[in-house]
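Peer 1: need a structure here:
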Amino acid sequence: MRANNGGEDYTPPYKKYVFETMDVSAGGYGVACEAQPPECLKTGELVGMRENGRGDWIIGVVRWVRQQSQGGASFGIEFLASQAWPAAVRKHSTTEADFVRAIVLPEFITLGLEASLLLPSLGFAQGDAVEVVHQGVTENLTLKRSLLRATGFNRYEVVPTTKTPPSTQEQGSPKPPTERDLLDTIF
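Peer 2: Numbers count the residues shown, from 1 in each chain. Alright, predicted model coming up:
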């Protein structure tokens, strides 16, 4: 538990688990736990990791789970990004759409990947024009191509939209969430 700005006790909305690192490579991590693994940690789940609570969150996806004969389990976690930021995203459409939570991943030059978005599995598709609010700035982007499909989320490469849809903000549409959301409160 930690105190928030108001001095009240704050419990993050995510569960924290401690695992032993078995292997590290450019593509990801091998981790293990001696106890019964958490039921929520399944293949395809998005995870955030930090070494001993230090540094930035590393974003990854669980690729495999193996039960150990002596109890516990080991996990293969594919590396997605060493940095990530919260964002609010909605599709451009003729009707007002609500913002949903998303995660912005920076470009990954060594792999030739542009900046990308992690979005919920339902509601978005390749080619969609979206409005993204990130770090207090609103951008109009197009979901260029799907890079990853998982159980609860998809990763899309994004590019600036060539034609900006008319803004509905002036017509009294809901205002985007404030930037006070931290990455650890996104889900």
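Peer 1: need the residues that contact the helix or strand where Trp57 lies.
Peer 2: Assigned by DSSP states H and E, Trp57 falls within strand 54-67. With Cβ atoms under 8 Å, 6 or more residues apart in numbering as the contact definition, strand 54-67 has outside contacts at 28-29, 37, 41-50, 73-84, 103, 105, 118, 148, 150, 183-184. C-beta here means a position set from N, CA and C on the backbone, and glycine is covered the same way.
Peer 1: for PyMOL, write the selection for the buried entries among these.
Peer 2: Listed next is the PyMOL selection for buried residues among these, using 16 or more other Cβ atoms under 10 Å:
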select buried, resi 28+29+37+41+45+46+47+48+49+73+74+75+76+77+79+80+81+84+103+105+118+150+183
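Peer 1: which parts of the strand holding Trp57 are buried?
Peer 2: In strand 54-67, counting by 16+ other Cβ under 10 Å, buried: Trp57, Ile58, Ile59, Gly60, Val61, Val62.
Peer 1: residues in a beta bridge with Glu131, which ones?
Peer 2: Beta-bridge partners for Glu131, by DSSP bridges, are Arg90, Asn140.
Peer 1: same check, this time on Leu46
Peer 2: Bridge pairing for Leu46 (DSSP bridges) gives the partners Val61.
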